[in-house]
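Colleague: sequence first, predicted model second:
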Amino acid sequence: MRLVYAAEMQALDRFTIQEVGVPAEVLMENAGRGVAEILLSRFPEEARRGTLILCGPGNNGGDGLVVARHLHQRGLPVKVLLLAPEEKYRGEAGINLRVARYAGIPLLRAQDEATLEALAPEILGAPLLVDALFGTGLSREVSGVFARAIELMNQAPAPVVAVDMPSGLSADTGRPLGVAVRATLTATMALPKVGQVIYPGREYVGELRVVDIGMPPRVIEERAPARFYLTRKWAAGCLKGRPPESHKGTFGHLLVLAGSRGKSGAAVLCARGALRAGVGLVTLVSAASLQPLLASYLPEALTWGLSPETPEGELSPECAGEILSRAERMRAAVLGPGFGLSEAAGQLARRLARELPVPTVLDADALTALSGRLEELKEARAPRVLTPHPGEMARLLGLPKEEIQARRLEIAREAARKSHQVVVLKGAATVVAAPDGREAVNSAGNPGLAQGGTGDVLSGLLGALLAQGYEPFEAACLAVYLHGAAGDLLSRRVGPFGFTASEVADALPRLFRELVLYAGNI
Ligand SMILES: NC(=O)C1=CN([C@@H]2O[C@H](COP(=O)(O)OP(=O)(O)OC[C@H]3O[C@@H](n4cnc5c(N)ncnc54)[C@H](O)[C@@H]3O)[C@@H](O)[C@H]2O)[C@H](O)CC1
Ligand SMILES: [K+]
């Protein structure tokens with residue numbers, strides 16, 4: 001599903017109205033009817049007892065008036081609270097105000113704070129609230145009666161259904177402009193907005209539902225940005241089939257360059273993630289002293305022990321030639337988990353990051369070795385996918401971690417541009433950016449995944465998808481979705497936290513099965 005900023009949504013609206021010819025009134029009617037239908041299916045009891053709809057001065061308020069009419073027409077008790085002077089309602093919003101008045105819908109008015117205070121019991125006592133103050137037209141900090149109305153909605157015990165956006169929340173940054181509604185459910189028009197699916201916005205949105213307002217799909221396919229919200233539907237749509245006459249060579253041979261003394265677990269978890277993601281063969285390459293240990297852990301993986309090794313039990317730079325020549329026979333590689341942080345290991349990691357002849361995931365210690373050297377990857381011999389967490393991204397770009405977290409999507413975009421490679425910035429709502437402008441935000445995942453080792457599993461899973469022929473951006477998006485969805489499955493079945501990285505790897509086959517079944521039904 002595409003993901004848009006406010007200006008992009010408004011451009012799609014305008015094109016639909018002015019070029020395609022769908023009247024604005026039709027879009028608003030579809031919007032309001034869609035919200036009413038979602039409201040009635042999710043809160044039937046509350047709707048039967050009564051709904052108060054707070055309308056702002058623009059089309060968001062107009063949508064609210066349509067919602068009111070559809071509830072009223074079903075004989076349900078509904079009142080509208082207008083927070084702007086009636087003359088402010090123009091165009092399709094003005095039409096819907098006139099129709100609401102004609103239909104006899106009770107209209108309350110609060111254009112100043114004193115009147116609003118007098119009506120506070122109406123808000124605090126309503127069984128159900130609809131927030132139709134602001135949507136994508138919010139352009140500055142909320143103040144005055146609007147801010148007070150938002151505070152009252154947040155104090156009220158009733159569920160709040162937000163129309164298009166929780167009022168006060170920026171559709172672009174996901175941050176409140178002063179104060180914002182904390183909605184129980186947000187019914188957004190046509191497409192999800194970036195600010196709804198990143199943090200902190202995700203916490204204000206509550207349950208997110210998308211309303212079909214009658215915008216022809218062709219408008220979205222041809223004119224929406226190449227920015228994707230990674231949902232189960234998206235993932236099911238990009239999953240490749242596995243022909244019955246396949247053999248292990250069909251699903252690729254993955255080279256895993258990971259592990260060193262004391263960090264063998266990272267190599268095992270990476271290989272395990274790959275095997276659980278359906279790769280044909282995995283070869284684990286490590287320092288010779290580690291090879292017997294790794295071989296004992298994972299009978300399914302081939303293991304190569306190479307010499308010489310560093311005093312820390314890491315592969316040494318002298319192994320580069322051997323590795324590069326053997327890599328010619330591989331389909332993909334993962335470089336970095338537990339690879340080692342000595343100067344020698346870093347030197348080897350930087351050379352392999354440039355010269356490995358197959359698509360390669362760069363993770364963990366390989367990313368540390370590339371701190372401040374992103375441009376070196378422009379000349380890489382084959383595509384790379386970088387999977388930094390915020391701390392590693394801070395070192396890669398030489399920026400404070402707070403800045404990385406404040407502008408996650410922009411930062412990922414910048415790193416992809418600098419490196420000419422696909423970049424995954426892990427964290428709450430993982431984001432993916434490609435040098436060609438494609439980008440994505442993950443819908444799946446939860447804090448239970450914030451545990452050592454889960455990143456190693458992700459790099460193996462991602463490597464397995466590269467080895468199976470997925471192109472780098474798609475492999476990165478599918479991997480982060482599956483990884484997050486595995487965490488969500490475990491948080492339901494095991495507990496909100498305390499599930500291990502090994503369990504995340506072992507849950508992957510169930511996710512693949514779920515996607516295959518879902519793909520069969522979409
Ligand atoms: N996405 C679609 O296809 C459709 C969306 N619809 C709805 O239209 C709104 C956007 O409407 P718009 O009139 O542009 O703006 P808002 O209603 O969001 O904002 C109201 C109005 O308020 C003024 N304003 C902005 N910020 C502030 C502020 N902080 N304090 C006071 N006033 C403020 C500004 O002038 C705005 O214009 C969208 O969200 C959907 O709900 C269509 O109905 C259907 C198609
Ligand atoms: K709203």
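Modeller: Thanks, I have it. Residues are numbered from 1 along each chain as shown. Ligands and ions are numbered 1, 2, ... in the order given.
Colleague: rest of the way, CA atoms for contacts and neighbours
Modeller: Noted.
Colleague: who's in contact with the residue in the stretch 301-450 of the chain that ligand 2 sits nearest to?
Modeller: At 21.7 Å from ligand 2, Ser443 is the closest residue in the stretch 301-450 of the chain, using CA to the ion. Residues near Ser443 by CA atoms under 8 Å, 6 or more residues apart in numbering: Val197, Tyr229, Leu230, Thr231, Ala429, Tyr481, Gly484.
Colleague: now do the fifth one against Leu465, distance only.
Modeller: It stands for Ala429. 21 Å (CA to CA, to the nearest Å).
Colleague: dump the residue contacts of Glu151.
Modeller: So Glu151 contacts Val179, Val181 (CA under 8 Å, 6+ apart).
Colleague: okay, and it sits in which element?
Modeller: helix 144-155 (DSSP states H and E).
Colleague: so what does the residue nearest the centre of the chain look like in phi/psi?
Modeller: Central residue of the chain (CA atoms, centre = their mean): Asn442, 2.2 Å from the mean position. Dihedral pair for Asn442: phi -80, psi 140, per degrees, to the nearest 10.
Colleague: beta-bridge partners for it, please?
Modeller: Leu230 (DSSP bridges).
Colleague: just give me the neighbour total for the residue in the stretch 251-400 of the chain that ligand 1 sits nearest to.
Modeller: Residue of the stretch 251-400 of the chain nearest ligand 1, by CA to the nearest ligand atom: Pro400 (30.9 Å). By the criterion of other CA atoms under 10 Å, Pro400 has 13 neighbours.
Colleague: now do the same for it: its pLDDT.
Modeller: Pro400 is assigned 97 on the pLDDT scale.
Colleague: next, count neighbours for the residue lying closest to it once chain neighbours are set aside.
Modeller: Excluding its sequence neighbours, the residue lying closest to Pro400 (CA to CA, 6 or more residues apart in numbering) is Ala394, at 5.7 Å. Per other CA under 10 Å, the neighbour tally for Ala394 reads 20.
Colleague: residue contacts, Ala394?
Modeller: Ala394 neighbours (CA under 8 Å, 6+ apart): Pro400, Lys401, Ile404.
Colleague: and of those, the nearest to His247?
Modeller: Nearest to His247 out of these is Ile404 (CA to CA; 43.0 Å).
Colleague: which positions in the helix or strand that contains the closest one come out as buried?
Modeller: In this assignment (DSSP H and E), Ile404 forms part of helix 401-406. By neighbour count with 16 or more other CA atoms under 10 Å, helix 401-406 contains the buried residues Lys401, Ile404, Gln405.
Colleague: re earlier: pretty sure the residue nearest to the centre of the chain contacts Gly427?
Modeller: No - judged on CA atoms under 8 Å, Asn442 makes no contact with Gly427 at a distance of 9.9 Å.
Colleague: can you check which residues contact both of the two?
Modeller: Counting by CA under 8 Å, 6+ apart, nothing touches both Asn442 and Gly427.
Colleague: circling back to that earlier point, could you check the pLDDT of the residue nearest to the centre of the chain?
Modeller: 98.
Colleague: kindly report the same for Ile522.
Modeller: pLDDT, Ile522: 62.
Colleague: with Arg384 instead?
Modeller: 98.
Colleague: I figured it hits Pro357, correct?
Modeller: No - using CA under 8 Å as the test, Arg384 is too far from Pro357 to be in contact (10.3 Å).
Colleague: higher neighbour count, the two?
Modeller: Arg384 (27 against 22).
Colleague: and the helix or strand containing Phe473, what other elements does it pack with?
Modeller: In the assignment (DSSP H and E), Phe473 maps to helix 472-493. If you count contacts as 3 or more CA pairs under 8 Å, 6 or more residues apart in numbering; DSSP states H and E, helix 472-493 packs onto strand 227-230, helix 232-238, strand 384-386, strand 422-425, strand 431-433, strand 439-442, helix 454-467, helix 501-521.
Colleague: helices and strands around the fourth one, which ones?
Modeller: Pointing back at strand 422-425 there. strand 384-386, helix 408-419, strand 431-433, helix 472-493.
Colleague: hmm, 7 Å instead?
Modeller: Counting contacts by 3 or more CA pairs under 7 Å, 6 or more residues apart in numbering; DSSP states H and E, strand 422-425 packs against strand 384-386, helix 408-419, strand 431-433.
Colleague: ranges for the helices of the stretch 251-400 of the chain?
Modeller: 264-275, 291-297, 320-327, 343-355, 365-369, 390-397 (DSSP state H, counting those that start in this stretch).
Colleague: outline the domain layout of this structure.
Modeller: Listed domain ranges for the chain are 6-225, 236-521 (source: automatic domain parsing).
Colleague: Arg381: neighbouring residues, count only.
Modeller: Arg381: 16 neighbours (other CA under 10 Å).
Colleague: which parts of the lengthiest strand in the chain are buried?
Modeller: Counting residues, the longest strand found in the chain (DSSP state E) is strand 281-287. Residues Leu281, Val282, Thr283, Leu284, Val285, Ser286, Ala287 are the ones in strand 281-287 that count as buried (16+ other CA under 10 Å).
Colleague: where does pLDDT dip in this protein?
Modeller: Applying pLDDT under 70 to the chain picks out residues 522.
Colleague: what residues does it put near ligand 2?
Modeller: Residues of the chain lying near ligand 2 by CA under 5 Å from the ion: Asp131, Ala132, Leu133, Phe134, Gly135, Ala162, Val163, Met165, Pro166, Ser167.
Colleague: tell me the contacts of the closest residue to the fourth one other than its chain neighbours?
Modeller: Nearest residue to Phe134 in three dimensions, chain neighbours excluded: Ser167, at 4.9 Å (CA to CA, 6+ apart). Contact analysis of Ser167 by CA atoms under 7 Å, 6 or more residues apart in numbering lists Asp131, Leu133, Phe134, Gly135, Ala180, Val181.
Colleague: quick one: contacts for Ala266?
Modeller: Counting by CA under 7 Å, 6+ apart, the residues that Ala266 touches are Ala258, Gly259, Pro337, Gly338, Gly453, Asp456.
Colleague: those: which ones sit near ligand 1?
Modeller: With the criterion set as CA under 6 Å from any ligand atom, no member of the contacts of Ala266 is near ligand 1.
Colleague: okay, those in JSON lines with neighbour count next?
Modeller: Formatted as JSON lines, these follow (neighbours: other CA atoms under 10 Å):
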{"residue": "Ala258", "neighbour count": "32"}
{"residue": "Gly259", "neighbour count": "31"}
{"residue": "Pro337", "neighbour count": "31"}
{"residue": "Gly338", "neighbour count": "25"}
{"residue": "Gly453", "neighbour count": "20"}
{"residue": "Asp456", "neighbour count": "30"}
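Colleague: buried sites along stretch 286-296?
Modeller: Buried-residue list, stretch 286-296, by 16+ other CA under 10 Å: Ser286, Ala287, Ala288, Ser289, Leu290, Gln291, Leu294, Ala295.
Colleague: cool, stretch 296-307 as well?
Modeller: For stretch 296-307, by 16+ other CA under 10 Å, it's Ala301, Thr303, Trp304, Gly305, Leu306, Ser307.
Colleague: contact partners of stretch 111-119?
Modeller: Applying CA under 7 Å, 6+ apart, the set of residues contacting stretch 111-119 is Leu83, Ala84, Pro85, Ala110, Gly144, Val145.
Colleague: which of those are close to ligand 1?
Modeller: Of these, not one also sits near ligand 1 (CA under 6 Å from any ligand atom).
Colleague: narrow those residues to those that are buried.
Modeller: Leu83, Ala84, Ala110, Val145.
Colleague: enumerate every residue touching the third one.
Modeller: To tie it back to what came earlier, the one meant is Ala110. Contacts of Ala110 by CA under 7 Å, 6+ apart are Leu82, Leu83, Leu116.
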